[in-house]
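Asks: Here's a sequence, model it:
(chains A and B)
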Amino acid sequence: MAFKIPTLAYTGSIRPITLEKNGKKVIVGGGDSYPFYAFEGEIPHVPKIAIQVPDFTPEEWADACLEPYKDVLGNPVGWAKKAQDVYKADIIFLWLKSTDPNGLNRSADEAAETAKQVLEAIDIPLIVWGSTNVEKDAEVLRKVAMACSGKKVALGPVQEGNHKQIGAQALAYNHMVVASSPIDINLAKQLNILLGNLGVPPENILIDPTTGAIGYGIEYSYSVMERIRQAALTQQDEKLQFPMISNLADEVWKTKEAKLADNPLMGKALNRGVTLEAMTAVTLLLAGADILVMRHPKAIESVRNYIADMSGVSRPALVAVSKEVSKAVPGAVAAVANLPRGIKLDIDIAKIMNAPLTVGSDHVLALVKVSEEGEGGITLSPDAVKTFSAFLEAKKAEVQPAVVSEEAGVKEKKKKKAKEVPPVKILDSWAAPDDNIGEFNYQKEKKQDFSGKQVELLGASYEAGTPERKEDWRQKLRDKEEMIQYLKTGLRYWYSAEVYGSEKRKTPA
Amino acid sequence: MGLTGIQIFKLLPKTNCAECGVPTCLAFAMKLAAGQAELESCPYVSDEAKAQLAEASAPPIRPVVIGSDDVFKCGGETVQFRHEKTFVNPAGIAVLIADDMNDDDVEGRLKRFQELKYERVGLILKPDLVALQNTSGNKDKFLSLIKKVMDAGIKKIILMSDKAENLQAASEIAAPIRPLLYAATKENVDALGKLAKEKNLPLAVKGKDIDEVMELTTKLTEMGLKDLVIDSGSRALNKVFTDQVSIRRAALVGGVRALGFPTIAFPCEMSKDLLEESLIASTMVSKYAGIMVLSDLQGESLFPLLVQRMNIYTDPQRPMATSQGIYEINLPTENSPVLITSNFSLTYFIVSGEVENSRVPSWLLVLDTEGLSVLTSWAAGKFSADRIALFLKKSGILDKVKHRKLVIPGYAASISGELEEELPDWEIQIGPREGAHIPAYLKTWH
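Replies: Numbers count the residues shown, from 1 in each chain, chains lettered A, B, ... in the order given. Prediction:
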């Protein structure tokens, strides 16, 4: 007998949300099963990585984090470019911390100018993050919304105390919002309802459930995120069916364990910090994070590879490595064949380039990418082109379509699915009545009564119907009063000594 | 599965002899229903009732114990999501030592295994097991490695070999400390099953897929073995992940007895990069491994993994607390500021971390608020003026500082008036609400 995983009744899915810049789309969410449960659902869009760009010179940061960005410290535009071009961010996360009234207290105008400059410098979507000061953020993000008008950016954190001001600006200038609530599923839901009341369209909302690092409350974030996913996927709670963002970079790197110097018990500082950041990211991915806000390039690289491994797509190549390789071959000549993304190469590159150089797998792919972008790159001699083309042809033939690229891979999977004949389902609790017999074929169910005696019960004598359209009474709620009434009495989640889960409330709040 | 306490009670002898360790038969029945007791503890139960109850009373995932006096326990989990109840037996961290490693590698691993320990919220975090692998295939090499490790005082081990006869010889030496044998496969299941039964040792099974695992566990269960551990055979990350989820769900939701055992995973065979290996291990912590075997232990990756494991395995219904007392940060003097906060561990970690960041020498008083945060404990009356005043007087801080100034959290600002009444010679200062603002506050404190 072949093993079959007991199925789980998913009844909802996460909304796919599109972030966009100059026609370049980054889509998050869209999943219809728990994170990476690819055996029973689709992963239409793998989680994305946003790189954090501070608008100030980070003097207090750990050395490990300053080193990769030492040429762009205090230069948010250069930092954002580097994050995009060298460290291959999917999204830029501009952190306007310098506006904090308890810190540098920079003006909203200054911050808006920074946001505008960063926006103009990059080709990937932008998230603009305030200082989390409720009053100041309302002012700063208002100016940012105006300065970035015409291009869609995501504004956050939008909290209950300033959702009206920021929500209104987002509506006016067609920006997105990141709804931020303090590690609580009810508050997350409530804020989404409030934003909905304000008229913010659902396709412009992301959730920030608040993130804790390893050793600093990650277990709270983990369980609240799992609960939010559960409510969204198995309880059709459409006010929670949004992608989640985990702003983990600073949470990890501000801890003392990440900053501590090398030490025999705690190992090397750099590796420890990177491991803490990457491991926090991985743990949150398993709880349902769709966008990770990260800092250290090494942590980013390992998490990107992890996402690829978990989603069953091939690992992306690193262009940064290839630049060094191309520099190492002076006088090399230009022209490279087109290579589909995702092919793994494991050849002696020296043979191709007639140059004394050996690199491992992935690097050839990276070289190709460099010259595609016209950033220097390499050239092959005519002999080498022949060898290389032959090699590529052979490789292309080997490559499975599913690993060509993320998007194409998903399409391919869907195609395969469509071809399969769906298995015929036989319900074991219900049998069709026999047409020839006038008498009905009753199903009997054996049960135990209260005294433990076996009794037979008549089963259902009708086919369970399936409604054509899901009746959702929540859509009938028209105004704020009705919504508040619903919040007081409707489906809420509660905690007690025995149960930490959800129940329908028996008495009004 | 699923009999209620009352239904079980009807099948018990109802003698209330208390020989099972529980005062009455009814209480024992309730414990059985909750999976907290074993039917074997009852000396008078009839065979007929035993047969009826055996199925119902066994926990859905068998708890498996490795070691004899100092034991490691895995399995016994009852939920898929930690918020539903709690994950009970933290995934075991084992370090791999092969018998073809050179002496330095072996010594280094043993040393790190014994020395890398961390204290956090009153708990000692450390790796659990040593996995000894008979990579060479040579019996003598394997045995001498085992002796060496046992001589070093290590008592929780996994013995890994492809050869049944080598495991046989190994268990002759190691049986008293109850090691886990790895692994019974389709080829050697009879021999290893017999060995494990004879020596009463836990046994791991390794199949090429879950189907084969089920065949093996079914066979071994029929042979009378109970303490089994599952290796589903796969080594690709997404496949291992799928297997772990499938096995947990099948055992808990599907009631598949053949999969009702803890699992073992091998991050050491899944990546050659220490960082990648650690990320795989942390995935196994969150998603259901009972034991995981690592290639090496290094502080920089072990510490994050141990803390992550502690976080995932904490009881979500019980807040973690730090002990009440005076914490000295950055070598304070008699002129340093005195701050007070609650003993919710997260509050303590954040506040102490920020005070440390500020580099301002300070005294941090931690009041026992039963693990509640400042705002919650204030609302519950546990962070109240009278309790703070009493604690302050008894804590001994009066002898440590010359000044009489106390900084209270911004969230508890409203108790400052009452505190001034309780502590007439003290100046009550209101600190920031958020931990992040503490350094700025302390730098201007006077």
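Asks: just the strands in the stretch 101-250 of chain A please.
Replies: With DSSP state E, counting those that start in this stretch, the ranges of strands along the stretch 101-250 of chain A come out as A:126-129, A:154-158, A:176-180, A:205-208, A:244-247.
Asks: Could you pull up the contacting residues of the residue of the stretch 201-350 of chain A found nearest chain B?
Replies: Closest contact between the stretch 201-350 of chain A and chain B, by Cβ to the nearest Cβ, is at A:Gly267 (2.8 Å). C-betas here are computed from N, CA, C, even on glycine. The neighbours of A:Gly267, taking Cβ atoms under 8 Å, 6 or more residues apart in numbering or on different chains as the test, are B:298-303.
Asks: for those residues, which one is nearest A:Ser302?
Replies: B:Ser301 (11.5 Å; Cβ to Cβ).
Asks: out of the strands of the stretch 101-250 of chain A, deepest packed?
Replies: When those are scored by mean count of other Cβ atoms under 10 Å in any protein chain shown, the highest mean neighbour count falls to strand A:244-247 (a mean of 28).
Asks: Just checking that strand against chain B, any contact.
Replies: No: Strand A:244-247 is not in contact with chain B by Cβ under 8 Å from any Cβ of the partner chain; minimum separation 13.5 Å.
Asks: residues contacting the closest residue to chain B within the stretch 51-200 of chain A?
Replies: Among all residues of the stretch 51-200 of chain A, A:Asn102 sits closest to chain B, at 4.9 Å; criterion: Cβ to the nearest Cβ. Neighbouring residues of A:Asn102 by Cβ under 8 Å, 6+ apart: A:133, B:432, B:437, B:440.
Asks: Could you point out which residue ranges in chain A have low pLDDT?
Replies: A:1, A:317-443, A:459-478, A:485-509 (pLDDT under 70).
Asks: Identify the residue nearest the geometric centre of chain B.
Replies: The structure's chain B has its C-alpha centroid closest to B:Pro90; by Cα atoms, centre = their mean the separation is 2.9 Å.
Asks: so which of the strands of the stretch 101-250 of chain A gets nearest B:Leu294?
Replies: When these are compared by Cβ to Cβ, strand A:244-247 sits nearest B:Leu294, at 25.9 Å.
Asks: which residues sit against the closest one?
Replies: When contacts are defined by Cβ under 8 Å, 6+ apart, strand A:244-247 is touched by residues A:50, A:93, A:127, A:129, A:156, A:178, A:206-209, A:211, A:221, A:225, A:228, A:281, A:284, A:288-293.
Asks: What is the nearest of the contacts of A:Gly267 to B:Pro43?
Replies: Once Cβ to Cβ is applied, the member of the contacts of A:Gly267 that ends up nearest B:Pro43 is B:Leu302, at 45.3 Å.
Asks: so how far is B:Tyr411 from B:Leu419?
Replies: For B:Leu419, the distance to B:Tyr411 (Cβ to Cβ, to the nearest Å) stands at 14 Å.
Asks: I meant B:Val64, not that one.
Replies: Distance from B:Val64 to B:Tyr411, by Cβ to Cβ: 46 Å.
Asks: Find the closest residue to chain A in the stretch 251-400 of chain B.
Replies: For the stretch 251-400 of chain B, Cβ to the nearest Cβ, closest residue to chain A: B:Glu300, 2.8 Å.
Asks: Specify the beta-bridge partners of the nearest residue to that residue once chain neighbours are set aside.
Replies: Nearest non-adjacent residue to B:Glu300, counting by Cβ to Cβ, 6 or more residues apart in numbering or on different chains: A:Gly267, 2.8 Å away. In this entry, A:Gly267 is beta-bridged to A:Asn263, by DSSP bridges.
Asks: Let's verify the residue of the stretch 251-400 of chain B closest to chain A: helix, strand, or coil?
Replies: For B:Glu300, the assignment made with DSSP: H, G, I helix; E, B strand; the rest coil gives helix.
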